[in-house]
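A.B. asks: show me the folded form of this:
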Amino acid sequence: MTNNSSQLSSKSMNSRQLRSVFSHRRGAGAVALSMCLLSSCSNSDILAVTDPDLLPPDVIESPSGPAALRIGALSRFVTAFDGGVDAFTVVTGNLADELRSSDTFDGRILPNKRFMNDNLPEMTGTYLNLHRARSSATNAIAIFKEFAPTQTLNIGELYMYRAYTEDFFGEMYCSGVPFSEPVGSETNYGEPQTTVQIFERSVASFDSALALVGTNVNLLNGSRIGKARALLNLGQYAAAATVVASVPTTFRLISNHCFGGNCTENGNYSAAAAPSSRYTPSNNEGINGLNFLPTVPDPRLPWTTSTRSGFNTLFTSVYMPLPLKVCPSYRGTGCPGTRNTTGENVLADGIEARLIEAEARLQGKAQSDRDAVFATLNTLRATGIPGFPVTALVGTAPTTDAAAVTQLFNERAYWMYLTGHRLGDLRRLIRQYGRNAEAVFPTGELQAPLSGPYGSDVNFPVPAQEKNNPKFTGCINRNA
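C.D. replies: Numbers count the residues shown, from 1 in each chain. Have a look, this model is predicted:
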């Protein structure tokens, strides 16, 4: 790994530590109590039992507690971001044009059809995992501030990952997501937040990270790119470009995975490239979908034919995307060899920084701006993947703003395939650039073997389980 790369890995996280951070003592006590009914024992015998897998409150709320909570928070972020079949990177790609459902469950078919309700168990799991990641970071930050306040780098790191999670909520869900917090044994229920408020919340958390990470290059650049991403979502293009100006193009912030042991598998692979996968790579989906799998593969998304089937066996000979199987860290490093469920997924990198700057430049709306962006895109194509140049864009720069925006967003789609950016970008095309949803999202008739028309969803509803929060009654709106 180069000096310009940073990895968020659950590989080094001890599974016993993780269980101890998030397990509850109630179950163990209930088992012990039931045993007393079957044999002779005393209260002192029960109290004397020590479960080495559990960290009691007096340990968590002590100088040794913050480190364990940090491990748990980072692990939960990996799980929510790209560590499962229904992780953020996967389900957002399914609603967008990156993936199609090859499943038999409505929880994955209906998002692909853009026709969701708020009671889909698989999508409820995604929502809860994101909140667990956010809440775990918040709890760890509080314990660090109380018991290890001088460890500012760790506190800043936790703010950064919390900020990314908050941004994910804004990109994925309808307006109206509430953010509740535990206070002792009670829950402080949050008020529904508008989409703008959610992104502003993310920016504030990134600012907290930037104030604490000092000169640590990985956390500094990761926070800069994340803040710029949230600013783009707010339509603050110039501010976003300023934030990432010093990020080198070679920088990479990655989520690292492995198979088995004390780590989290690559959810992108498990979801879209494993045998009997629940999802499959999409190509030209629903009229508006991009040609992600051209006959001559794009080096940013190499692929091959396959004899594997989806979980729904009507999906036969589904595509095999090589970055998820053979080259999980292909982008920016070359192909390291077959690693299947192991490997890396990109959370943020310097290529994204350059694309953010390019979008800000387009706001000038002059031909010179479009020419400059066109040149930037070809520079990235030539140098973005060392040893694997992408064929240059032909001709000259577009002569209209609309065409230039389309070209830029298409380039973003290829560079950041299945990294969780595409749904947010499609929503921005509607919200910030005035596009019609049916000119942006997959539309018309579903591709075989599925059938029927697409719906009109452009985001995910907040799951019905959130209605346990007395302040939440449903989405404020389902607008982009």
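A.B. asks: how far off centre is stretch 397-405?
C.D. replies: Centre-to-centre, stretch 397-405 and its host chain are 29 Å apart (CA atoms, centre = their mean, to the nearest Å).
A.B. asks: what is the end-to-end distance of it?
C.D. replies: The straight-line separation of the ends of stretch 397-405 (CA to CA, to the nearest Å) is 11 Å.
A.B. asks: just stretch 171-186 next, same as before
C.D. replies: Using CA to CA, the gap from the first to the last residue of stretch 171-186 comes to 29 Å.
A.B. asks: can you report the mean pLDDT over the residues of it?
C.D. replies: On average, the pLDDT along stretch 171-186 is 93.
A.B. asks: any stretches of the stretch 101-250 of the chain with poor pLDDT?
C.D. replies: Applying pLDDT under 70 to the predicted model, the stretch 101-250 of the chain contains no residue that meets it.
A.B. asks: the helices in it, which residues?
C.D. replies: Under the criterion DSSP state H, counting those that start in this stretch, the stretch 101-250 of the chain carries helices at the ranges 106-112, 121-147, 152-172, 195-210, 217-233, 237-244.
A.B. asks: remind me what the first one packs against, helices and strands.
C.D. replies: Contact here means 3 or more CB pairs under 8 Å, 6 or more residues apart in numbering; DSSP states H and E; on that basis helix 106-112 packs against helix 88-95, strand 99-101, helix 121-147. Placement of C-beta: from N, CA and C, glycine included.
A.B. asks: list the helices and strands the longest one packs on?
C.D. replies: Counting contacts by 3+ CB pairs under 8 Å, 6+ apart, helix 121-147 packs against helix 65-82, helix 88-95, helix 106-112, helix 152-172, strand 181-183.
A.B. asks: what of the second one?
C.D. replies: When contacts are defined as 3+ CB pairs under 8 Å, 6+ apart, strand 99-101 packs onto helix 88-95, helix 106-112, strand 279-281.
A.B. asks: relative to T250, which of the helices and strands packed on helix 121-147 is closest?
C.D. replies: helix 152-172 (19.7 Å; CB to CB).
A.B. asks: from G125, how far out is the residue nearest to P461 when sequence neighbours are not counted?
C.D. replies: Counting by CB to CB, 6 or more residues apart in numbering, P461 lies nearest to D118, which is 4.4 Å off, once chain neighbours are set aside. Applying CB to CB, to the nearest Å, the value for D118 to G125 is 14 Å.
A.B. asks: for S368, see how far away the residue positioned nearest the centre of the chain is.
C.D. replies: Using CA atoms, centre = their mean, the residue of the chain that lies closest to the mean C-alpha position is F81, 3.7 Å off. F81 sits at a distance of 38 Å from S368 (criterion: CB to CB).
A.B. asks: with P449 instead?
C.D. replies: Taking CB to CB as the criterion, P449 is separated from S368 by 49 Å.
A.B. asks: do the same with E344
C.D. replies: Distance, E344 to S368, using CB to CB: 38 Å.
A.B. asks: the more surrounded of the two?
C.D. replies: Ranked by neighbour count (other CB atoms under 10 Å), E344 and S368 place E344 first, with 26 against 10.
A.B. asks: report the contact partners of A437.
C.D. replies: Contacts for A437 (CB atoms under 8 Å, 6 or more residues apart in numbering) come out as 430, 456, 458, 480.
A.B. asks: out of these, which are buried?
C.D. replies: The neighbour-count test (16 or more other CB atoms under 10 Å) applied to these identifies 430, 458, 480 as buried.
A.B. asks: residues of the one helix or strand the first one maps to that come out buried?
C.D. replies: Element membership for I430, per DSSP states H and E: helix 422-431. Burial within helix 422-431, assessed by neighbour count using 16+ other CB under 10 Å, is assigned to 422-431.
A.B. asks: where does pLDDT dip in the stretch 251-400 of the chain?
C.D. replies: For the stretch 251-400 of the chain, applying pLDDT under 70 flags the ranges 258-263, 317-343.
A.B. asks: for it, which segments are assigned as strands?
C.D. replies: Using DSSP state E, counting those that start in this stretch, the strands of the stretch 251-400 of the chain run over 252-257, 279-281, 303-304, 320-321, 343-349.
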